[in-house]
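Enquirer: The sequence and its predicted three-dimensional model are supplied below.
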Amino acid sequence: MSNLAQKRILLGITGGIAAYKSIELIRLLTKAGADVQVVLTEGAKAFVTEMTLQAISGHPVRSTLLDPNAEAGMGHIELAKWADLIVIAPASADFMARYTQGMANDLLSTLCIATESPVLIAPAMNQAMWRHPATQTNAKLLAERGVLSIGPADGAQACGDIGPGRMSEPANIFNTIAAHFQTKNIEQDLAGQHWVITAGPTMEAIDPVRYISNHSSGKMGYALASSALKRGAAVTLISGPVQCIPPKGVNLISIKSADEMLAACEQAMEKQADVFIGAAAVADFKMKIATDQKMKKKSDSDEIQLTLIKNPDIIATLVQHNRSKIIVGFAAETQNVIEYAKGKLERKGLDIIIANDVSRSDIGFNQDENQVTVITKEKTWEPAKAAKSELANQLVNFIHEHTQTN
């Protein structure tokens, strides 16, 4: 039986072109046995119809705060108490702003303020709106208050822009909801353990304006941190510059360069950690000398030469110093993925390596889904393609089992 059977999910839909995806989300949830009720904002009515949503969910759709028929029994409070989980998909920038301020000027915002159940948001908006400091501040505040989130994804948008802001795909949101109910009953089997996890890219300065970096979004590392945290571990998350929202309760250390990441790792692991996971995409090279002033173009030349030197090998350094009982590395490759990963496992003396084919556009960097190969000295395991949140749960379980048998 699905762990969503008979779970009561209130789905809030706000105004945005991504609202059409919510129809598929309802279908997936009801197929898994969940009881879904839908609440629309006025803006959402421009994109989806109440009749369609009612037909798929099997319940009348609510949209009015002061509905005389429902409010005879304080209907909005009853609905807030009814839900095991409130999901807002899509969650617009406007809704996030009002929710952050604690406003209750329509039915959906009132439910979110009145409920004692968890709330999961799936942001969806133009890339500039998502990147705006106000939206980023709102996202961080909501996370600090315990609001769960998934996405947004990166890619082409309806307006023609390309960047972060797309609502996560319904299948990924569904998997996140399923994982939420699964982890609610998970034994706190990592209690007393300290996990150190790195995530995101590093940025190596060329001058005060330019830098060397890569496309890592940090989503996999943040998902691993969230999963370990839910199972009771104390988690230190050392992160390069990303737009991910850190899970509540994690010890976040923000860095930019590989040198800063190494120093943060060594400090976090002054007392031996139980598990270290190097999920960050650390730049292999940095400038031999980063200039103090912006490098200017020379009018008599179409070329410029940069002298690069190797960055410190963070994982190899930690292995050498024996700073963790179990050390897990990632191998992000575009060719000969398994071969290169096995070489890295042996060369660096790792316990586990997770090979990731970043040449594929459907997984890896900036995607909500991933597919990896997990390699140890004894065996190779290939979990199915899944949302990074779901895959993280499987990887944490594999790593924990490995610690028990080695």
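Expert: Perfect, thanks for sending it.
Enquirer: tell me the mean pLDDT for the host helix or strand of residue 135?
Expert: Applying DSSP states H and E as the criterion places residue 135 in helix 133-144. Averaging pLDDT along helix 133-144 gives 90.
Enquirer: Now that helix: buried residues?
Expert: 135, 138, 139, 142, 143 (16 or more other CB atoms under 10 Å). The way it works is simple: take the backbone N, C-alpha and C, and place the C-beta from them, glycine included.
Enquirer: can you list those in TSV and add distance to residue 94?
Expert: Below are the buried residues of helix 133-144 laid out as TSV (distance: CB to CB, whole Å):
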residue	distance to residue 94
135	10
138	10
139	14
142	14
143	18
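Enquirer: For the helix holding residue 135, name the packing helices and strands.
Expert: helix 93-100, strand 148-149 (3 or more CB pairs under 8 Å, 6 or more residues apart in numbering; DSSP states H and E).
Enquirer: Of all the helices and strands in the protein, which has the lowest average confidence?
Expert: helix 68-71 (a mean of 54; mean pLDDT, DSSP states H and E).
Enquirer: Name the residues that touch stretch 37-56?
Expert: Stretch 37-56 is contacted by residues 8-17, 19-20, 22-23, 26-27, 30, 57, 59-63, 79, 82-83, 92, 94-95, 106-108, 111 when judged by CB atoms under 8 Å, 6 or more residues apart in numbering.
Enquirer: re the thing from before, and the helices and strands packed on helix 133-144: which comes nearest residue 158?
Expert: Nearest to residue 158, of all these, is helix 93-100, at 14.8 Å by CB to CB.
Enquirer: report the angle between the axes of the closest one and helix 133-144?
Expert: 50 degrees (axes from the mean of the first three to the mean of the last three CA atoms, to 10 degrees).
Enquirer: avg pLDDT for helix 93-100?
Expert: 94.
Enquirer: Ok, stretch 56-67 next?
Expert: 84.
Enquirer: Ok, stretch 211-218 next?
Expert: Mean predicted lDDT for stretch 211-218 stands at 91.
Enquirer: buried ones in that stretch?
Expert: Buried residues in stretch 211-218 (16+ other CB under 10 Å): 211, 212, 214, 216, 217, 218.
Enquirer: try stretch 114-133
Expert: In terms of neighbour count (16+ other CB under 10 Å), stretch 114-133 has its buried residues at 114-115, 117-127, 129-130.
Enquirer: In strands only, show me these.
Expert: 119, 120, 121, 122, 123 (DSSP state E).
Enquirer: Show me this structure divided up by domain.
Expert: 8-184, 194-291+302-405 (automatic domain parsing).
Enquirer: thinking again about what came up before, as a markdown table, the helices and strands packed on helix 133-144 with mean neighbour count would be great.
Expert: Compiled in a markdown table, the helices and strands packed on helix 133-144 are given as follows (neighbours: other CB atoms under 10 Å):
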| stretch | mean neighbour count |
| --- | --- |
| helix 93-100 | 21 |
| strand 148-149 | 22 |
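Enquirer: who wins for proximity to residue 245 among those?
Expert: Closest to residue 245 of the helices and strands packed on helix 133-144, according to CB to CB: strand 148-149, at 5.5 Å.
Enquirer: what's the next secondary structure element after that closest one?
Expert: Next along from strand 148-149, by DSSP H and E: strand 153-156.
Enquirer: Assess the claim that residue 272 and residue 325 are in contact.
Expert: Yes: counting by CB atoms under 8 Å, residue 272 touches residue 325, with 6.8 Å between them.
Enquirer: Who has more neighbours out of the two?
Expert: residue 325 (15 against 12; other CB atoms under 10 Å).
Enquirer: thought that one was touching residue 271?
Expert: No: with contacts counted by CB under 8 Å, residue 325 stays clear of residue 271, the gap being 11.8 Å.
Enquirer: which residue packs closest to residue 35, ignoring adjacent ones?
Expert: Distances taken as CB to CB, 6 or more residues apart in numbering place residue 8 nearest to residue 35, at 5.0 Å, with adjacent residues excluded.
Enquirer: who are the neighbours in contact with residue 258?
Expert: Counting by CB under 8 Å, 6+ apart, residue 258 has contacts 202, 204, 282, 283, 286, 311, 312, 314.
Enquirer: can you map out the strands along the stretch 201-350 of the chain?
Expert: With DSSP state E, counting those that start in this stretch, the ranges of strands along the stretch 201-350 of the chain come out as 204-205, 211-212, 234-239, 251-254, 273-278, 285-287, 308-310, 324-333.
Enquirer: On the pLDDT front, check the residue lying closest to residue 297 once chain neighbours are set aside for me.
Expert: Residue nearest to residue 297 in three dimensions, not counting chain neighbours: residue 304, with 7.8 Å by CB to CB, 6+ apart. We note a pLDDT of 84 for residue 304 in this prediction.
Enquirer: same deal with residue 322?
Expert: At residue 322, the model reports a pLDDT of 74.
Enquirer: And it, how close does it get to residue 311?
Expert: Taking CB to CB, to the nearest Å as the measure, residue 322 falls 22 Å from residue 311.
Enquirer: what about these two, which has more around it?
Expert: residue 311 (19 against 11).
Enquirer: From residue 63, how far off is the residue lying closest to that one once chain neighbours are set aside?
Expert: Counting by CB to CB, 6+ apart, residue 258 is the residue found nearest to residue 311 once chain neighbours are left out, at 4.0 Å. Taking CB to CB as the measure, residue 258 and residue 63 are separated by 51 Å.
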